[in-house]
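1. no FASTA, just this:
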Ligand SMILES: Nc1ncnc2c1ncn2[C@@H]1O[C@H](COP(=O)(O)OP(=O)(O)OP(=O)(O)O)[C@@H](O)[C@H]1O
């Protein structure tokens, strides 16, 4: 049983290479502020040294840790969540996030501030909620799992970022325009909804889609509100898929409307809510989970209700 967030140790797991290296500077600032506020004895900073390291650091946290803070982007949050989910439910410290990534969708859902000092102050208010976690083929996701167009954009943006060192919304839009006008693809999929909300039809036929998103929270791709009504604590995954036939121009207009969650009235957009589902694709689509690549054609997906306690900000 972990100690309470007020009494236990606080461990910061920082990704120094997040946001093109800005994570290192943000981590020193956060560590200095946390040491000042809670004292040296109650605080420790761990820095990731390789991709995937955040998961083992979170899995192996000592029994005296009451709160683990992930400083980085959605990729680091995903690693820490996977580490925490490997522990027994009563041994999972509270999760907090200091957003220093390029997407920060989970931090956005938690309402965390983007300035390090404000985020530290918010964390030390110890305001928490319970949160569900998504699971796909045995791995966990905090916010988003998606297939097709938006995953292609997210993965292409990451590729462009690594090659050019650039970041931000413009890079995402450049990639979106390229994917929409030169690589817009339809994927054949079959969705078998097992634990649907009452009144929801299963969807067992093969169908075509530009994208399928399975969400714990409302956003993906850097604050696109793809499932605006998704809640962290309802025990359900919100599913959205977009069906053809759309011209590249109309698909772009729909994507831009999705930024504010205003795509929901389109005849091409469909929603379901379910606690579990099986998704099959005829051929492997581009896929992402919290911004990280996922591979395969057969996906067993479910919601782990009430899995974590998470710190929320003031927005
Ligand atoms: N020390 C490290 N060296 C190299 N890669 C790392 C290291 N620590 C973490 N990573 C990897 O860096 C990737 C990106 O991390 P993170 O999500 O924190 O930042 P980001 O890409 O800038 O933000 P976002 O995911 O929001 O786009 C993740 O795949 C993670 O596994």
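-> Yep, that arrived. Just so it is clear, the structure is predicted and the values come from calculations on it, not from any experiment.
2. gap between the residue in the stretch 101-250 of the chain that the ligand sits nearest to and residue 223?
-> Relative to the ligand, the nearest point of the stretch 101-250 of the chain is residue 101 (2.7 Å; Cβ to the nearest ligand atom). All C-beta atoms are positioned from the backbone trio N, CA, C, and that covers glycine. Computed as Cβ to Cβ, to the nearest Å, the residue 101 to residue 223 distance reads 12 Å.
3. so between those two, which is more surrounded?
-> Between residue 101 and residue 223, counted using other Cβ atoms under 10 Å, the more crowded position is residue 101 (27 against 15).
4. got the contact list for the more buried one?
-> By Cβ atoms under 8 Å, 6 or more residues apart in numbering, the contact list for residue 101 reads 18-19, 72-76, 107, 291.
5. could you redo the last one with a cut-off of 6 Å?
-> 18-19, 72-74 (Cβ atoms under 6 Å, 6 or more residues apart in numbering).
6. going through the residues you listed, which ones are buried?
-> Burial by neighbour count, judged by 16 or more other Cβ atoms under 10 Å, picks out 18-19, 72-74 from the contacts of residue 101.
7. mind checking which of these are in helices?
-> Residues of the buried ones among the contacts of residue 101 located in helices (DSSP state H): residue 74.
8. out of the buried ones among the contacts of residue 101, which are close to the ligand?
-> 18-19, 72-74 (Cβ under 6 Å from any ligand atom).
9. of those, closest to the ligand?
-> Taking these together and measuring to the ligand by Cβ to the nearest ligand atom, the closest member is residue 73, at 2.0 Å.
10. ok, that closest one touching residue 17?
-> No. Applying Cβ atoms under 6 Å, one finds residue 73 not in contact with residue 17, separated by 10.0 Å.
11. tell me how many other residues surround residue 63.
-> Neighbour tally, residue 63, other Cβ under 10 Å: 12.
12. pLDDT score assigned to it?
-> Residue 63 is assigned a pLDDT of 95 by the prediction.
13. distance of it from residue 9?
-> 10 Å.
14. cool, residue 245 as well?
-> Using Cβ to Cβ, residue 245 is found at 56 Å from residue 9.
15. so these two - more neighbours on which side?
-> Taking neighbours as other Cβ under 10 Å, residue 245 and residue 9 compare with residue 9 leading, 20 against 10.
16. thought the more buried one was touching residue 64?
-> Yes. Judged on Cβ under 6 Å, residue 9 makes contact with residue 64 at a distance of 5.2 Å.
17. which residues does the residue of the stretch 201-315 of the chain found nearest the ligand contact?
-> Nearest residue of the stretch 201-315 of the chain to the ligand (Cβ to the nearest ligand atom) works out as residue 291 at 3.8 Å. Each residue near residue 291 by Cβ under 6 Å, 6+ apart is listed here: 74-75, 103.
18. please name the nearest non-neighbouring residue to it.
-> residue 74 (4.4 Å; Cβ to Cβ, 6 or more residues apart in numbering).
19. can you pull the contacts of that neighbour?
-> Here residue 74 is in contact with 101, 103, 105-106, 290-291 (Cβ under 6 Å, 6+ apart).
20. read off the pLDDT value for it.
-> So residue 74 comes in at 95 (pLDDT).
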